[in-house]
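In: here's my sequence, what's the structure:
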Amino acid sequence: MYLEKRRIGKSIKYYLVYSYREKNNVKKIRRYLGVNLSLKELEKARIDAERQIKKEIGELSTEIFNFSLSKKQIGRLNEYDKKLEVCHFDKKDWKRFTEEFVYNTNAIEGSTVRLGEVKEILAKYKIAKEPEEIETKGVAKAINYIRKTKEDLSLPLIRRLHKLCFEGSKPFAGQFRNVDVVIMNAIGEIVHAGVPLSQLDFALKDLVLWHKENKNKFKSLVLAAIIHDQFEHIHPFQDGNGRVGRLLLNFVLIKNNYPPINILLEDRAEYYHTLQEYSKNQDLKPTLKFLIKQYQKMLRRVPTKIKAK
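Out: Below is the predicted model of the structure:
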């Protein structure tokens, strides 16, 4: 927010202004503070106006997270859920899934630890020292956490997952970013910008509130996809957003007694494409189709033995 002055003759009018981006357009919220104000009067008016603008920004954040869908539209999205067979893992399946998930989710972000090394680190390393080893054990701890926790989606849960993954490898583990972030491709082009720092708190609170108010409207696969894609759109951490986002995807699925999904390194390009389709066009369908294909591949790697009744 910034103070804007307009001189009219011998008088000065004061405004408090907040700029934000909606799709490709820059918009402003402007609040009139008064004319020819003393410093004390200006400060009091500024505080009152800032409170009003913050309230309005909170309402606007649902415009960024635009899922004001009709019952018919929700029904069409929920049809995708029928393509996902509900089943449960036994102890051996969970071990294999955890190893596969840890390997793929870290490799997508550039880890050089191979699958065989993941298995060895998880089985034999009591204490990890190198960053990639720490993150290997950390992601496994986070999977175990989302399997057992009874809590609902919250900001403390999101921070806890980040801390479990990166404590010891990143100095900001468990802390939301205090800078703006962008994602660039191999040739330096910006492919995604996280929400501006000025909107981050509102976007995160809106994510949690939206989940609370809408979780019973959507089938589990659709709900998980929405939370995952919106989290990645927000990009609330300085680094590590991809791994936490994929953990949140499975948190929603597991909480609703659905099987987890492993996104494979070999399908990274298609995965990134689905994120861009959501962020740029608010199109969730590519993500849903992609997740169903990933689930089908995962079942061939982790043969489920206990089918849901």
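In: only C-alpha atoms from now on, for both contacts and neighbour counts.
Out: OK.
In: now the helices: where do they sit in the stretch 101-250 of the chain?
Out: Under the criterion DSSP state H, counting those that start in this stretch, helices of the stretch 101-250 of the chain are mapped to 115-124, 131-148, 155-166, 197-214, 220-234, 241-255.
In: those into a markdown table, with extra columns for mean neighbour count?
Out: Shown next, in a markdown table, are the helices of the stretch 101-250 of the chain (neighbours: other CA atoms under 10 Å):
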| stretch | mean neighbour count |
| --- | --- |
| helix 115-124 | 15 |
| helix 131-148 | 19 |
| helix 155-166 | 20 |
| helix 197-214 | 17 |
| helix 220-234 | 23 |
| helix 241-255 | 22 |
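In: and the ones you listed: which comes nearest residue 261?
Out: helix 241-255 (6.5 Å; CA to CA).
In: about what we covered before: out of the helices of the stretch 101-250 of the chain, the one nearest residue 41 is which?
Out: Here helix 197-214 is closest among the helices of the stretch 101-250 of the chain (CA to CA), at 25.2 Å.
In: which one, of the helices of the stretch 101-250 of the chain, ends up nearest to residue 83?
Out: helix 220-234 (9.6 Å).
In: outside of that closest one itself, list whatever touches it.
Out: Helix 220-234 is contacted from outside by 65, 77-78, 80-81, 84, 192-195, 200, 203-204, 207, 211, 215, 241-242, 245-246, 248-253, 256, 258, 275, 278-279, 284, 287-288, using CA atoms under 8 Å, 6 or more residues apart in numbering.
In: re the thing from before, so for residue 11, which of the helices of the stretch 101-250 of the chain sits nearest?
Out: That would be helix 197-214 among the helices of the stretch 101-250 of the chain, by CA to CA, at 31.2 Å.
In: what angle sits between the closest one and helix 155-166?
Out: 110 degrees (axes from the mean of the first three to the mean of the last three CA atoms, to 10 degrees).
In: hang on, the earlier thing: so can I have a markdown table of the helices of the stretch 101-250 of the chain showing distance to residue 8?
Out: Formatted as a markdown table, the helices of the stretch 101-250 of the chain follow (distance: least, CA to CA, whole Å):
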| stretch | distance to residue 8 |
| --- | --- |
| helix 115-124 | 69 |
| helix 131-148 | 60 |
| helix 155-166 | 46 |
| helix 197-214 | 31 |
| helix 220-234 | 41 |
| helix 241-255 | 48 |
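In: out of those, the one nearest residue 35 is which?
Out: Per CA to CA, nearest to residue 35 of the helices of the stretch 101-250 of the chain: helix 197-214, 27.2 Å.
In: care to break this protein down by domain?
Out: Domain assignment for the chain, taken from automatic domain parsing, gives 2-62, 70-307.
In: returning to what we had before: which one of the helices of the stretch 101-250 of the chain lies nearest to residue 19?
Out: helix 197-214 (9.5 Å).
In: who does the closest one touch, helix- and strand-wise?
Out: Packing partners of helix 197-214 (3 or more CA pairs under 8 Å, 6 or more residues apart in numbering; DSSP states H and E): helix 39-64, helix 155-166, helix 220-234.
In: show the pLDDT at residue 188.
Out: For residue 188, the model assigns a pLDDT of 67.
In: export the helices of the stretch 101-250 of the chain as TSV, with columns for distance to residue 43 and mean pLDDT.
Out: Putting these into TSV (distance: least, CA to CA, whole Å; pLDDT from 0 to 100) gives the following:
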stretch	distance to residue 43	mean pLDDT
helix 115-124	57	94
helix 131-148	46	97
helix 155-166	32	98
helix 197-214	20	90
helix 220-234	32	94
helix 241-255	38	97
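In: for the ones you listed, which one sits closest to residue 98?
Out: Ranking these by proximity to residue 98 (CA to CA) places helix 131-148 first, at 6.4 Å.
In: CA atoms only for that closest one, dumped as PDB, please.
Out: What follows is helix 131-148, C-alpha atoms only, in PDB (Å, rounded to 0.1, in the frame of the first residue of the first chain):
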ATOM      1  CA  PRO A 131      21.000 -32.000   2.300                       C
ATOM      2  CA  GLU A 132      19.700 -34.600  -0.200                       C
ATOM      3  CA  GLU A 133      19.800 -37.300   2.400                       C
ATOM      4  CA  ILE A 134      18.100 -35.100   4.900                       C
ATOM      5  CA  GLU A 135      15.300 -34.300   2.400                       C
ATOM      6  CA  THR A 136      15.000 -38.000   1.600                       C
ATOM      7  CA  LYS A 137      14.300 -38.900   5.200                       C
ATOM      8  CA  GLY A 138      12.300 -35.700   5.700                       C
ATOM      9  CA  VAL A 139       9.800 -36.400   3.000                       C
ATOM     10  CA  ALA A 140       9.300 -40.000   4.300                       C
ATOM     11  CA  LYS A 141       8.600 -38.500   7.700                       C
ATOM     12  CA  ALA A 142       6.100 -36.200   6.200                       C
ATOM     13  CA  ILE A 143       4.300 -39.100   4.400                       C
ATOM     14  CA  ASN A 144       4.100 -40.900   7.700                       C
ATOM     15  CA  TYR A 145       2.700 -37.800   9.300                       C
ATOM     16  CA  ILE A 146      -0.100 -37.300   6.900                       C
ATOM     17  CA  ARG A 147      -1.000 -41.000   7.200                       C
ATOM     18  CA  LYS A 148      -1.500 -40.700  11.000                       C
END
